[in-house]
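Visitor: sequence plus the predicted model coming up.
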Amino acid sequence: MAMLTRLTSNGTTTVAPGSPKGLQRFQNYLSAFLWPGTSHRQQRKSSSQSDAIDCFTNELVNRKTQKWEELRDNLMKPVSEDAAANKGSSNFGQNVGLMSKGMVNDLKQLRSPQLGLDIRSLSQPQLDNLLLATLEIKNKVDFLYLIRQCVRWQQLPCNEVLISCLKYLSGLGRMQQLDSLAETCRQTKHPFASIYSDLAPFKAIALWHNGNADVALMTLHRGYGGSLNSEEGRRMIRTAFRTIAEETLAQKSEAVLISLTEVARAIHREHKDIFVLALVWKQCFASTWFSDQKSAEELFEHYKELQQLVERRASPLCSSFLSRHNVDAVHRLIEVFLQHNQRIACSSCLSLLFNYQYMRKDLRACAEIVKSCSELEMPLNELQNEQFLSLFLDRNDPFETVNRNGNGNASAAIKYKPKSFQYKF
């Protein structure tokens, strides 16, 4: 009997000639061999389900178009002017290779670099809203395009929006755009050129994110004197120093810490400003590394102004350590105050430490604090003594049973009734 045979990768398969299924397979293979394009089209026509890739690309294009329509709001044509946009559009087109030709053409026209928005046709509120919209959705391509337009036509947004733009650029590490904006501020005599000393804080953070730690510290050092002329400039450049100091200790970078300490010493020597030195001292003092603690000790012993500042700020400093549950730093701070005979600051720290341990119901720690206060002749206040006594007798806080009007609730009185006991004499 004649048999129909087809070769496969696994072997040979035989099908009876009278079988309709075998006949259909043979016709399909013969059609695919003679007319491959026809077979592919017939297969796509007979398919009842749409291709998953087509669904994905169509949804992606619809979302992209909808985003552009909402953002531009008939004010801006969808375009980017630099090579990055061309690269982005080409990569996007490659990822959706199965998209229809009409869709691809529409998308290329949407991102065409030949089209663009002239911001001179926009009012100040429109420009501000457009920049804020791109910042909100983190649309980096359009944001950078608008920044280039602002630099080109020397049209800057309002101060609040400009600050947000500068912070975003510094976070991205975009030094070129920051330099261009600084030059524009100088040419237009914008107040930011003098307030922020040629945008030194933002440039320093951008350099820091790019890995140029020494250049970032040098930029802050050069711009520190000019930023002290205004409260806003002083606050911004000190924030930049605080960011670099915290990240330096977090990354355990010994070389950067040495450079930061040298810059802090130079600023104190040139401007008689102890803030940066105090900032470095605090970060080193709170560190768990012994080398950082030794650096803090050397700074504290060398600068009398630092000792006076720490003494005045004893309570906020101790509260800051306790908020991070850094009890060891509080103990060392109390020792430093005792060594330099700063009794008022020491008493304040002991009181705050007692409150912290009492909230944790740590009887042993509270007893040690009470003993130390008694030996140092720094007694706690009356409320703290009663709290310690109630904790020692395993009672609840006696003030919890009395409301603000001085009248205790009957149920609360029953609940907080003290334990009965008898004297042995």
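Guide: Cool, the structure landed. What you see is a predicted model, and the numbers here were worked out from it, not measured in a lab.
Visitor: can you give me the helices for the stretch 201-350 of the chain?
Guide: Assigned by DSSP state H, counting those that start in this stretch, the helices in the stretch 201-350 of the chain fall at 213-227, 231-250, 254-271, 275-285, 290-302, 304-312, 314-323, 327-339, 343-359.
Visitor: need the winner for burial among those.
Guide: When you average the neighbours per residue for each of these (mean count of other C-beta atoms under 10 Å), helix 275-285 leads with a mean of 22. Any C-beta I mention is one placed from the backbone N, CA and C, and that applies to glycine too.
Visitor: can you check what angle separates that helix from helix 254-271?
Guide: Counting by axes from the mean of the first three to the mean of the last three C-alpha atoms, to 10 degrees, helix 275-285 lies at 150 degrees to helix 254-271.
Visitor: report the rounded mean pLDDT for helix 275-285.
Guide: For helix 275-285, mean pLDDT rounds to 94.
Visitor: low pLDDT regions in the stretch 301-425 of the chain?
Guide: 395-425 (pLDDT under 70).
Visitor: repeat that with 50
Guide: For the stretch 301-425 of the chain, applying pLDDT under 50 flags the ranges 397-406, 408-425.
Visitor: sorry, back to before: which stretch among the helices of the stretch 201-350 of the chain comes nearest Ser170?
Guide: Evaluated with C-beta to C-beta, the helices of the stretch 201-350 of the chain place helix 231-250 nearest to Ser170, the distance being 8.7 Å.
Visitor: okay, the helices of the stretch 201-350 of the chain in JSON lines with distance to Gln187 next?
Guide: Formatted as JSON lines, the helices of the stretch 201-350 of the chain follow (distance: least, C-beta to C-beta, whole Å):
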{"stretch": "helix 213-227", "distance to Gln187": "18"}
{"stretch": "helix 231-250", "distance to Gln187": "20"}
{"stretch": "helix 254-271", "distance to Gln187": "28"}
{"stretch": "helix 275-285", "distance to Gln187": "31"}
{"stretch": "helix 290-302", "distance to Gln187": "42"}
{"stretch": "helix 304-312", "distance to Gln187": "40"}
{"stretch": "helix 314-323", "distance to Gln187": "43"}
{"stretch": "helix 327-339", "distance to Gln187": "49"}
{"stretch": "helix 343-359", "distance to Gln187": "51"}
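Visitor: and of the ones you listed, who's closest to Leu156?
Guide: helix 231-250 (16.7 Å).
Visitor: for stretch 218-234, which outside residues touch it?
Guide: With contacts defined as C-beta atoms under 8 Å, 6 or more residues apart in numbering, stretch 218-234 is touched by 194-198, 200-201, 203-204, 207, 236-237, 240-241, 244, 263, 266-267, 270-271, 273, 276.
Visitor: how about stretch 375-385?
Guide: So stretch 375-385 is in contact with 338, 343, 346-347, 350-351, 354-355, 358, 369-370, 373, 388, going by C-beta under 8 Å, 6+ apart.
Visitor: tell me the buried residues in stretch 180-188?
Guide: Of the residues in stretch 180-188, those buried by neighbour count under the rule 16 or more other C-beta atoms under 10 Å are Ser180, Leu181, Ala182, Thr184, Cys185.
Visitor: list the contacts of it.
Guide: So stretch 180-188 is contacted by 147-148, 150-151, 154, 156, 165-166, 169, 190, 192-193, 198-199, 203 (C-beta under 8 Å, 6+ apart).
Visitor: coming back round to it: which member of the contacts of stretch 375-385 is positioned nearest Ser315?
Guide: Using C-beta to C-beta, the contacts of stretch 375-385 come closest to Ser315 at Ser351, 8.8 Å.
Visitor: what sits against the closest one?
Guide: Leu380, Asn381, Gln384.
Visitor: again, only this time at 7 Å
Guide: Contact analysis of Ser351 by C-beta atoms under 7 Å, 6 or more residues apart in numbering lists Leu380, Gln384.
Visitor: that one and Asn326, how far apart?
Guide: 17 Å (C-beta to C-beta, to the nearest Å).
Visitor: and for Leu277?
Guide: 21 Å.
Visitor: so which of the contacts of stretch 180-188 belong to helices?
Guide: Using DSSP state H, the members of the contacts of stretch 180-188 that fall in helices are Ile147, Arg148, Cys150, Val151, Cys165, Leu166, Leu169, Phe192, Ala193, Lys203.
Visitor: so what pLDDT did the nearest residue to the fourth one once chain neighbours are set aside get?
Guide: For Val151, the nearest residue in space outside its immediate sequence neighbours is Ser180; the separation is 4.5 Å by C-beta to C-beta, 6 or more residues apart in numbering. As predicted, Ser180 sits at a pLDDT of 95.
Visitor: please identify which helix or strand holds Asp142.
Guide: For Asp142, the element it lies in under DSSP states H and E is helix 140-153.
Visitor: any low-confidence regions in the stretch 101-250 of the chain?
Guide: By pLDDT under 50, the weakly predicted segments of the stretch 101-250 of the chain are 101-115.
Visitor: quick one on the thing from earlier: would you reformat the buried residues of stretch 180-188 as JSON lines and include distance to Ser230?
Guide: As requested, those are exported to JSON lines (distance: C-beta to C-beta, whole Å):
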{"residue": "Ser180", "distance to Ser230": "23"}
{"residue": "Leu181", "distance to Ser230": "18"}
{"residue": "Ala182", "distance to Ser230": "17"}
{"residue": "Thr184", "distance to Ser230": "20"}
{"residue": "Cys185", "distance to Ser230": "14"}
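Visitor: sec struct for the residue nearest to Val151, please.
Guide: Look at Ser180: counting by DSSP: H, G, I helix; E, B strand; the rest coil, its state is helix.
Visitor: how far away is it from Thr248?
Guide: 29 Å.
Visitor: now Leu162
Guide: 28 Å.
Visitor: for Phe285, same thing?
Guide: Distance of Phe285 to Thr248, given as C-beta to C-beta: 14 Å.
Visitor: just Phe143 next, same as before
Guide: Here Phe143 is placed at a distance of 29 Å from Thr248 (C-beta to C-beta).
Visitor: just Leu207 next, same as before
Guide: Leu207 is 14 Å from Thr248, where distance means C-beta to C-beta.
Visitor: same check on Thr134?
Guide: Going from Thr134 to Thr248 by C-beta to C-beta gives 32 Å.
Visitor: next, the contact list for Glu136, please.
Guide: Glu136 neighbours (C-beta under 7 Å, 6+ apart): none.
Visitor: how about it, phi and psi?
Guide: Backbone dihedrals for Glu136, given as degrees, to the nearest 10, come out at phi -70, psi -40.
Visitor: quick check: end-to-end length of stretch 310-327?
Guide: End-to-end distance of stretch 310-327 (C-alpha to C-alpha, to the nearest Å): 17 Å.
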